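Student: next come a sequence and a model predicted from it.
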Amino acid sequence: MISVAEALDQLFALARPLGVETVPLLQAHGRVLARDVAATRNQPPFDGSAMDGYAVTEVAPGLKLRMIGESAAGHGFYQTVKSGEAVRIFTGAPVPDGATAVVIQEDVTRDGDWITIGDSPEDNDHIRPAGGDFRVGDTVSAGRVLGSNDIALLASMNIAEVPVARRPVVALISTGDELVMPGETPGPDQIIASNTFGLHALMRDLGAEPRLLPIARDNEPSLKTAFELARGSDLIVTIGGASVGDHDVVANLAPQLGFDQSFYKVAMRPGKPLMAGRFGEAMMIGLPGNPVSAMVCGHVFVAPVVRAMLGLPAQPAPRRTGVLSEPLTPNGPREHYMRARFENGGLVAFGSQDSSLLSILGKADALIVRAPNDGPRAAGETVEYLPLR
Ligand code: AMP
Ligand code: MG
């Protein structure tokens, strides 16, 4: 049995980066920028006014100036302003040649074509210099998830087509004779397949392209059909059947169908029967079937793998530190991801840590991470956790 850290290292070694594709700017949100992109223009392209006011060559209390024209956004004034003159100007308009400052309109009294600067005009030229935001050639660096602010910047840089990492196609296969799809009517000995749906959502959050395949039954032809349907995907995630019981079809049959296993079993709770390897052109991760195990392994293993495939740094799920509101009993020999909630400004582990309880996972704010054989912990001690919200 290997440690969580060793399993992650092996998973990163199995993951292959995907290619680059170009998408229209409107579809780039949430995608990973795959190459540096450079501005094709200066912003602003001219010295522009930051305020509504008057463009002038000098500012002095009581100075009287004659207005010779107007410069508005999208309608510049293309004559030179001379001493004794002013140009009416608005925010975003080009500052005319010769002008060295914009006096805000609140500091001016106007009488027809004449303005007089007030007693204490602001000491600020209110001019945004050309290229003050960015210049031609300034770059946005590859390897970031594009958020709404990035999209605004790329638009401003006139980048209409964006090179992004191809989304990994992730095939999700539930296995089990006991499973039916949500919406179907289960028989008396059946339950609803939940894991594939939770993992589908997780994959969407991560920017992958999940494909929910039909449930594979606990027999070879059915699992074989599912793997055939998974062809063309970058990552195959099977759920359940990963132990070595008589009906554990993935562990028993996947190697015969071409799965080249790198490791099996990780020293963690929940989630021990985890396996991974290459399967033809795809990478495969076999998750345990217990619903909480499957989701926790999704956060701990599948999410970092997907991020690595997208060209993001190959790193474990980011942890935070928090303070315990209630004590914890000693941990066993496996790394434990304890479902916990925030209460009284700190973390409280749920009383039941059974790996089948989705109702508790749903209430959990965090997974407290306990190192193998971690001793008892008192209230007030600091622990590491994975945030779930
Ligand atoms: P297994 O690893 O196949 O023995 O499954 C362990 C437990 O998880 C069993 O109680 C299964 O019924 C349950 N299980 C397996 N796959 C799923 C799934 N996709 N959704 C919900 N429960 C599942
Ligand atoms: Mg099963």
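Tutor: It's in. Ligands and ions are numbered 1, 2, ... in the order given.
Student: can you list the residues that contact whatever helix or strand Leu223 lives in?
Tutor: If you go by DSSP states H and E, Leu223 is part of helix 220-229. Helix 220-229 is contacted from outside by 171, 173, 175, 213-214, 216-217, 236, 241, 249-250, 253-254, 256-258, 279, using Cβ atoms under 8 Å, 6 or more residues apart in numbering. Where you see a C-beta, it was placed from the backbone N, CA and C, and this is true even at glycine.
Student: mind listing what's buried along stretch 39-56?
Tutor: Neighbour-count burial for stretch 39-56, with 16 or more other Cβ atoms under 10 Å as criterion, is recorded at 39, 42-44, 47-56.
Student: for that stretch, what is the distance to the chain centroid?
Tutor: Offset of stretch 39-56 from its chain centre (Cα atoms, centre = their mean, to the nearest Å): 34 Å.
Student: please apply the same query to stretch 29-38.
Tutor: Offset of stretch 29-38 from its chain centre (Cα atoms, centre = their mean): 13 Å.
Student: what are the buried residues along it?
Tutor: For stretch 29-38, burial by neighbour count (16+ other Cβ under 10 Å) applies to Gly30, Arg31, Val32, Leu33, Ala34, Arg35, Val37.
Student: and the two most separated of these?
Tutor: Farthest pair in the buried residues of stretch 29-38 (Cβ to Cβ) is Gly30 and Arg35. Separation: 17.2 Å.
Student: quick check: closest non-adjacent residue to the residue in the chain that ligand 1 sits nearest to.
Tutor: Going by Cβ to the nearest ligand atom, ligand 1 is nearest to Gly289 of the chain, at 2.4 Å. Once flanking residues are discounted, Gly289 sits nearest to Gly240: 2.9 Å by Cβ to Cβ, 6 or more residues apart in numbering.
Student: which bits of the protein sit near ligand 1?
Tutor: Contact residues, the chain versus ligand 1 (Cβ under 6 Å from any ligand atom): 174, 176, 178-179, 191, 193-196, 239-243, 288-291.
Student: mind checking which of these land in helices?
Tutor: With helices taken from DSSP state H, the overlap with those comprises Asn195, Thr196, Pro291.
Student: keep only those of the contacts of helix 220-229 that are in strands.
Tutor: If you go by DSSP state E, the contacts of helix 220-229 have Ala171, Ile173, Ile236, Phe279 in strands.
Student: please convert these to JSON lines, extending it with pLDDT, neighbour count and distance to ligand 2.
Tutor: Below are the ones in strands among the contacts of helix 220-229 laid out as JSON lines (pLDDT from 0 to 100; neighbours: other Cβ atoms under 10 Å; distance: Cβ to the ion, whole Å):
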{"residue": "Ala171", "pLDDT": "98", "neighbour count": "23", "distance to ligand 2": "18"}
{"residue": "Ile173", "pLDDT": "98", "neighbour count": "26", "distance to ligand 2": "12"}
{"residue": "Ile236", "pLDDT": "98", "neighbour count": "25", "distance to ligand 2": "17"}
{"residue": "Phe279", "pLDDT": "96", "neighbour count": "24", "distance to ligand 2": "19"}
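Student: what about stretch 128-142, average pLDDT?
Tutor: Average pLDDT, stretch 128-142: 98.
Student: any idea how many residues pack against the closest residue to Pro61 other than its chain neighbours?
Tutor: Of all residues not flanking Pro61 in the chain, Asp119 sits nearest, at 5.0 Å (Cβ to Cβ, 6+ apart). Counted with other Cβ atoms under 10 Å, the neighbours of Asp119 add up to 7.
Student: and Ala7, what helix or strand is that in?
Tutor: Per DSSP H and E: Ala7 is located in helix 4-14.
Student: and that helix, what's buried?
Tutor: Result for helix 4-14 [16+ other Cβ under 10 Å]: buried residues Val4, Ala7, Leu8, Gln10, Leu11, Phe12, Leu14.
Student: over to stretch 161-173?
Tutor: Val162, Pro163, Val164, Ala165, Arg166, Arg167, Pro168, Val169, Val170, Ala171, Leu172, Ile173.
Student: quick one: that stretch to chain centroid distance?
Tutor: With Cα atoms, centre = their mean, you get 13 Å for stretch 161-173.
Student: what's the span of it, first residue to last?
Tutor: The straight-line separation of the ends of stretch 161-173 (Cα to Cα, to the nearest Å) is 35 Å.
Student: can you give me the buried ones in stretch 342-353?
Tutor: Across stretch 342-353, burial judged by 16+ other Cβ under 10 Å covers Phe342, Gly346, Leu347, Val348, Ala349, Phe350, Gln353.
Student: cool, stretch 118-136 as well?
Tutor: Buried residues in stretch 118-136, counting neighbours by 16+ other Cβ under 10 Å, are found at Pro121, Glu122, Asp125, His126, Ile127, Arg128, Ala130, Gly131, Phe134.
Student: tell me what the lowest-mean-pLDDT helix or strand in the chain is packed against?
Tutor: When the helices and strands of the chain are compared on mean pLDDT, DSSP states H and E, helix 249-253 comes out lowest with a mean of 89. If you count contacts as 3 or more Cβ pairs under 8 Å, 6 or more residues apart in numbering; DSSP states H and E, helix 249-253 packs onto helix 220-229.
Student: which residues does the closest residue to Val323 other than its chain neighbours form a beta bridge with?
Tutor: Of all residues not flanking Val323 in the chain, Gly346 sits nearest, at 4.3 Å (Cβ to Cβ, 6+ apart). Beta bridges link Gly346 to Glu343, judged by DSSP bridges.
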